[in-house]
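Chemist: sequence first, predicted model second:
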Amino acid sequence: MPLFKAKPGYTGHIKAVSGNEKIRKFLFTLGCSEGEEITLISILANNYIISVKESRYAIDGKMAKAIEIA
Amino acid sequence: MKIALAGNPNSGKTTLFNAMTGKTEYVGNWAGVTVEKKEAALKRAFTRLKQGGGTGSECGQGVGRSSRGGSRITVTDLPGAYSISPYTGEEAITRDFVMEENPDVIINIVDSGSLERSLFFTTQLLELGIPVVVALNKQDIVRKRGDSIDAEALSGMLKCEVAEITANDGKGLKELVSKAVRASEFGKQEAPEFAGRRENAEAGIKKGTKSSGREAAENSAESEDRARQEYIKKIVAKCYVKNAKTNRITFSDKVDRIVANTYLGLPIFALIMWAVYAFSISGFGGLVSGYINDTLFGAIVPDAVNGFLEGIGVHPLMQALIVDGAIGGVGAVLGFIPLIMVLFFCLALLEDSGYMARVAVIMDRYFKRIGLSGKSVIPMIVGTGCSIPGVMAARTIEDENERKVTTMLTPFVPCGAKLPVIALMAAVFFPGAAWVFPGMYVIAGVLIIIGGLLLKRIFGFEGTSTFIFELPEYKIPSLKHAFRQMFRQAKAFIIKASTIILVMNTLVWFMQTYSWNLKVVEDQSASILASVGGILAPLLLPLGFVGWQMAAPILTGFIAKENVVATFAIILAASDDALHMAGGPLSELFTPVTALSFLVFNLFTPPCFAAIGAMNSELGGKKWLKRAVLFQLGVGYTLAMLVTQIGTLVVYGKFAVGFVPAVIVTVVIAGLVLYLIRRGGRESGRAGVLAGEERAL
């Protein structure tokens, strides 16, 4: 399912990241790529607060739809 | 010898740079504060150490015998980057510098809290062949988690020196510098060895690979990146002792749930900003400013100087130049220093805390409506201090249209230089009113929304933006840092007042004292200033501003916005009342309604020339700059006109001066906007069709 549908507190692994090449590559450098662990910390003001490799990021709904989790 | 500072955004590069060079460059606790490279000489304390003059055992013996030993060491601060392939404009600056400018050594600052992510860039830097020293910063975050990093093991595996530092208080810096000097003497860097690494790593990085081999190159780049990640994981497993899970809910997360809450976020932001401005403007800062304006520059200084000049028998005209021109004008501006200082102190505390990144999160959904994203908030917040760094901060936005629109909208946010203008108008025409300052920021917000919508329609921009922003951990803001930023701003303000504003004042004073044939005029309306202002005056008629006295401050305001205040001080110097007294000499020129109109005109028309220059370089050419300036002029002009005409009609129940021309101008502007929107709609329709065809192909 996409990260978009996950509930806060969810921890799992990323199955795939879709979207344009440039953004995918950028996400990859952050460690947000296939096989990596991801935790959804909270959903705030339509943004998804995620924890990837010890860092916190806010991503919008569109990007949360592009991240497929297992 | 050249040292380059490179690393992930918000890892502490500029803090380290400031500590190494003694500079006070702008720092803040969010990703993307530094957007251009900055160069300065290494502090002498470190240079001495380099020459090995009895500074302890930590500097190696080879240090003193440097072949480049005599030359000075320059340190270059670079924008943060997550990898060597740039995602945004400022990351490209970093890539270009490390790959083309041949620094002798790269200090790679690593945020210890995000070691694994940081090492991605580190391993790429190691492949360049330039000596690298890793500086492990922010270890307090790691310790707070209960984790630890084995720096020696890390150094062994990366085959480069690793220094542990705390950039905030300068700990470990001497050792870092001596390690960097030693590494540069050694002169080369071994690349990390991992399966899947291509020998010529640059092949995938350099642009312009022809399309035939491009796909293959991209594929191999991707698999190399994967191999790199695996390699880094192995390193981290060996040198990072992990005791706690990092994905549990931390204190920062709990704070976020309140301050970035869907419903509470915006009210909390408004409350914080209101408190900051109330404290700086009507609170402590305003109090001290009031004293300086009334007493110091209002009476003590002019009286003393007058007495002195009369005593030594200076020509009365010279005396007038000094007292009315220089002291009157510059003093009117300098009086606002306490206000500016307190404001910047508060803003520095806020920026240091980590809150600004949350503001981007809160505002994202509102900015999405006008085709922008939360990232556009950062330039606007920076713009509350000065529009120039604000406009430059737009570089961190990846999408070109979004970046352009943000560049055009950022100058609407009232900058520090506009505060004296607001304060002056508020004090004279709305004494005691608390709404003027917040009101101007609310208007700025509304204009940004309307302006964003207009630009989106006129240029047919599609909102394609995606938003991703790193959230740094909150920290207790450093008072030392806030004081530094405060004095830095005060210094800049004083320099500006004593150079550009002083020169302009002298010029204005000269122009209003003399006529074209260089005779002292009895009646100011015969002066040079009056005739120059008279050219502009008809254009201002629809706004209800009558006479050359209104035009002069507007013109000088484009040089620097503080000039508006200073120029009024000179033009109206004849009066005994201080300029900013309620019901002072300004009230001969304005009604409260036209005063408000004059204020919004100065705030929301194009910014000063320096900021227009910054817009030029960010927009990348005259074509867009012209559009931007016309757009800003149109917005400010229309708003001022509406305030005057509607305000006069509502408040005084009569038509303001220039009502008929105003109606004509309104019709013309409305027609123009409608035409542009229709054209923009057609263009975006065409673009949509083209994009569709491309997809179909």
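Modeler: Perfect, thanks for sending it.

Chemist: tell me which strands and helices the lengthiest helix in chain A is in contact with?
Modeler: Counting by DSSP state H, the longest helix found in chain A is helix A:21-30. The contact analysis (3 or more Cβ pairs under 8 Å, 6 or more residues apart in numbering or on different chains; DSSP states H and E) places helix A:21-30 against strand A:11-17, helix A:61-66, helix B:115-126, helix B:211-239. Just so you know, the C-beta spots here come from the backbone N, C-alpha and C atoms, and that holds for glycine as well.

Chemist: ok now it, how far from the chain's centre?
Modeler: Distance of helix A:21-30 from its chain centroid, counting by Cα atoms, centre = their mean, to the nearest Å, is 12 Å.

Chemist: kindly report the same for stretch B:20-27.
Modeler: With Cα atoms, centre = their mean, you get 15 Å for stretch B:20-27.

Chemist: tell me the buried residues in that stretch?
Modeler: Judged by neighbour count (16 or more other Cβ atoms under 10 Å in any protein chain shown), stretch B:20-27 contains these buried residues: B:20-21, B:23-27.

Chemist: any chance of the residues you listed in CSV, plus pLDDT?
Modeler: Formatted as CSV, the buried residues of stretch B:20-27 follow (pLDDT from 0 to 100):
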residue, pLDDT
B:20, 94
B:21, 94
B:23, 90
B:24, 88
B:25, 90
B:26, 89
B:27, 90
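
Chemist: how about the residues of chain A by chain B?
Modeler: Residues of chain A lying close to chain B by Cβ under 8 Å from any Cβ of the partner chain are A:11, A:19, A:21-23, A:25-31, A:33, A:37, A:39, A:41-42, A:44-47, A:49, A:51, A:53-60, A:62-63.

Chemist: and the residue of the stretch 501-650 of chain B closest to chain A?
Modeler: Scanning the stretch 501-650 of chain B for the residue nearest chain A gives residue B:620, at 19.2 Å (criterion: Cβ to the nearest Cβ).

Chemist: report pLDDT for that residue.
Modeler: What the model reports for residue B:620 is a pLDDT of 86.

Chemist: out of the helices and strands packed on helix A:21-30, flag the one nearest residue B:254.
Modeler: strand A:11-17 (17.9 Å; Cβ to Cβ).

Chemist: just the angle between that closest one and helix A:21-30, please?
Modeler: 150 degrees (axes from the mean of the first three to the mean of the last three Cα atoms, to 10 degrees).

Chemist: adjacent strands (with direction) for strand A:11-17?
Modeler: Using DSSP bridges, strand A:11-17 pairs in its sheet with strand A:37-44 (antiparallel), strand A:67-69 (antiparallel).

Chemist: mind listing what's buried along that strand?
Modeler: By 16+ other Cβ under 10 Å, the buried positions in strand A:11-17 come out as A:14, A:17.

Chemist: what's the helix or strand of chain A with the lowest mean pLDDT in contact with?
Modeler: Within chain A, no helix or strand scores below helix A:21-30, which has a mean of 90 by mean pLDDT, DSSP states H and E. Contact with helix A:21-30 is made by A:17-18, A:33, A:52-53, A:55, A:57, A:63, A:66-67, B:82-83, B:85, B:87, B:117, B:120-121, B:218, B:225, B:398, B:466, B:468, as judged by Cβ atoms under 8 Å, 6 or more residues apart in numbering or on different chains.

Chemist: what's the answer for stretch B:668-687, then?
Modeler: Contacts of stretch B:668-687 with the rest of the structure, by Cβ under 8 Å, 6+ apart, involve B:454, B:457-462, B:634, B:638.

Chemist: could I get the average pLDDT for it?
Modeler: So the average pLDDT for stretch B:668-687 ends up being 82.

Chemist: same check, this time on stretch B:593-601
Modeler: For stretch B:593-601, the per-residue pLDDT averages 96.

Chemist: off-centre distance for it?
Modeler: Taking Cα atoms, centre = their mean, the mean C-alpha location of stretch B:593-601 is offset from the chain mean by 26 Å.

Chemist: close to chain A: what parts of the stretch 301-450 of chain B are there?
Modeler: Residues of the stretch 301-450 of chain B found near chain A (Cβ under 8 Å from any Cβ) are B:357, B:360-362, B:364-365, B:368, B:373-374, B:398.

Chemist: buried ones only from those residues, please, as a PyMOL command.
Modeler: Of these, the buried ones go into a single PyMOL selection, burial set by 16+ other Cβ under 10 Å:
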select buried, chain B and resi 357+360+361+362+364+365+368+373+374+398
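
Chemist: show only the entries of the residues of the stretch 301-450 of chain B next to chain A found in strands.
Modeler: Applying DSSP state E to those, no entry is found in strands.

Chemist: will you turn the residues of the stretch 301-450 of chain B next to chain A into TSV that also has distance to residue B:272 and pLDDT?
Modeler: Formatted as TSV, these follow (distance: Cβ to Cβ, whole Å; pLDDT from 0 to 100):
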residue	distance to residue B:272	pLDDT
B:357	14	95
B:360	14	95
B:361	15	95
B:362	11	95
B:364	18	93
B:365	19	91
B:368	23	90
B:373	22	91
B:374	17	93
B:398	28	89
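
Chemist: please identify which two of the residues of the stretch 301-450 of chain B next to chain A are farthest apart in space.
Modeler: Largest separation among these by Cβ to Cβ: B:362 and B:398, giving 20.5 Å.

Chemist: any bit of stretch B:6-21 sitting next to chain A?
Modeler: No. Figure legend: stretch B:6-21 not in contact with chain A (Cβ under 8 Å from any Cβ); closest approach 9.2 Å.

Chemist: mind saving the C-alpha coords of the helix or strand containing residue A:48 as CSV?
Modeler: According to DSSP states H and E, residue A:48 maps onto strand A:47-52. This file holds the C-alpha atoms of strand A:47-52, laid out as CSV (Å, rounded to 0.1, in the frame of the first residue of the first chain):
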residue,chain,number,x,y,z
ASN,A,47,2.1,16.6,5.6
TYR,A,48,3.6,13.2,6.5
ILE,A,49,6.3,13.3,9.1
ILE,A,50,8.6,10.4,8.4
SER,A,51,11.7,8.9,10.0
VAL,A,52,14.3,7.5,7.6
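
Chemist: that one versus helix B:115-126: what angle between them?
Modeler: Using the same axes, to 10 degrees: strand A:47-52 against helix B:115-126 is 70 degrees.

Chemist: ok, residue B:401 touching residue B:461?
Modeler: Yes. Between residue B:401 and residue B:461 there is a contact under Cβ atoms under 8 Å: 4.3 Å.

Chemist: neighbour count: these two, which is higher?
Modeler: residue B:461 (22 against 19; other Cβ atoms under 10 Å in any protein chain shown).

Chemist: now do the contacts for the more buried one.
Modeler: Residue B:461 touches B:371, B:401-402, B:405, B:455, B:684, counting by Cβ under 8 Å, 6+ apart.

Chemist: ok, residue B:395 next?
Modeler: Counted by Cβ under 8 Å, 6+ apart, residue B:395 has contacts B:35, B:88-90, B:403, B:618.

Chemist: that one belongs to a helix?
Modeler: Yes. The assignment for residue B:395 is a helix, going by DSSP: H, G, I helix; E, B strand; the rest coil.

Chemist: do a quick rundown of the helices in the stretch 551-697 of chain B.
Modeler: B:563-571, B:592-604, B:609-619, B:622-652, B:659-696 (DSSP state H, counting those that start in this stretch).

Chemist: could you dump those helices to JSON lines with distance to residue B:5 and mean neighbour count?
Modeler: Listed next are the helices of the stretch 551-697 of chain B as JSON lines, based on distance: least, Cβ to Cβ, whole Å; neighbours: other Cβ atoms under 10 Å in any protein chain shown:
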{"stretch": "helix B:563-571", "distance to residue B:5": "37", "mean neighbour count": "28"}
{"stretch": "helix B:592-604", "distance to residue B:5": "37", "mean neighbour count": "24"}
{"stretch": "helix B:609-619", "distance to residue B:5": "23", "mean neighbour count": "19"}
{"stretch": "helix B:622-652", "distance to residue B:5": "32", "mean neighbour count": "18"}
{"stretch": "helix B:659-696", "distance to residue B:5": "41", "mean neighbour count": "12"}
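
Chemist: so how far is stretch B:446-456 off the chain centroid?
Modeler: The answer for stretch B:446-456 is 21 Å, by Cα atoms, centre = their mean.
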